[in-house]
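K.L.:
Have a look at this prediction, sequence included:
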Amino acid sequence: MQLDEGKRQFIESWGQLGISWGTNKTMGMVHALLMMEPEPVCADYIMEQLHISRGNVNTNTRTLIDWGLVHKKFKKGERKEYFIGEKDVVTIFKAVISQRKKKELDPMLKVLNEISKVEGNCEESNEFCKVVNELKQFSHNADKALTNMINTERKWIMGALMKFMR
């Protein structure tokens, strides 16, 4: 397989994976392209390589910057912005977990906290409260575990993954 074909397959696959992370395919593809580039590239290059509009490049690079997955670079004497993708796997992993937690778990915890205050003293309300409190406890534990994972050092995460894989 030639390099160009390998890059194309990776970019396409990473785009599909991005959908699983709660992003759009193009955002995943932009991230993949920027990860594979050895030097920062400008929006024109991203547009040309992925056949997408300038607006699409702008929207996706801004979001990726917010996630910590892309970094803006400036070249002396140039007015253009240049971008480079985060290449550290652990940093990528932590960023994705952080975003998924923010989009999915945090809102669920808020809802569970609100509805756990349901009043009533009948079998139906007791069952409702029991289930909600179990979900709330599980979600709270998941939140603590994910927060710890996001805040831990690279060495610990790699060690934990190696133990898990054995």
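P.N.:
Alright, I've got the coordinates.

K.L.:
Double-check Y82 against K73; I have them as touching.
P.N.:
Yes - with contacts counted by CB atoms under 8 Å, Y82 reaches K73, the gap being 4.5 Å. Every C-beta, even on glycine, is put in place using the N, C-alpha and C of the backbone.

K.L.:
Show me the common contact partners of these two, please.
P.N.:
Common contact partners of Y82 and K73 (CB atoms under 8 Å, 6 or more residues apart in numbering): P40.

K.L.:
what about the two, which has more around it?
P.N.:
Comparing Y82 with K73 by other CB atoms under 10 Å, the one with more neighbours is Y82, at 18 against 14.

K.L.:
Now that one: closest residue in space, sequence neighbours ignored.
P.N.:
Leaving aside its chain neighbours, Y82 sits nearest to P40 (3.6 Å; criterion: CB to CB, 6 or more residues apart in numbering).

K.L.:
And K103, by the same measure?
P.N.:
G22 (5.6 Å).

K.L.:
now K101
P.N.:
Closest residue to K101 apart from its sequence neighbours, by CB to CB, 6+ apart: L146 at 5.0 Å.

K.L.:
Counting by contacts, list what the one helix or strand the one you found maps to packs against.
P.N.:
For L146, the host element (DSSP states H and E) is helix 123-151. Identification of packing neighbours for helix 123-151 by 3 or more CB pairs under 8 Å, 6 or more residues apart in numbering; DSSP states H and E yields helix 89-100, helix 106-115.

K.L.:
For the last one, which residues meet the burial criterion?
P.N.:
By neighbour count with 16 or more other CB atoms under 10 Å, helix 106-115 contains the buried residues L109, L112.

K.L.:
And N60, how far from M27?
P.N.:
From N60 across to M27, the span is 5 Å (CB to CB, to the nearest Å).

K.L.:
K76: what secondary structure?
P.N.:
Using DSSP: H, G, I helix; E, B strand; the rest coil, the three-state assignment for K76 comes out as coil.

K.L.:
Show me how the record splits this protein into domains.
P.N.:
Domain assignment for the chain by automatic domain parsing gives 3-85, 89-165.

K.L.:
could the ones you listed be laid out in JSON lines, adding mean pLDDT?
P.N.:
Output for those, formatted as JSON lines (pLDDT from 0 to 100):
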{"stretch": "domain 3-85", "mean pLDDT": "92"}
{"stretch": "domain 89-165", "mean pLDDT": "81"}
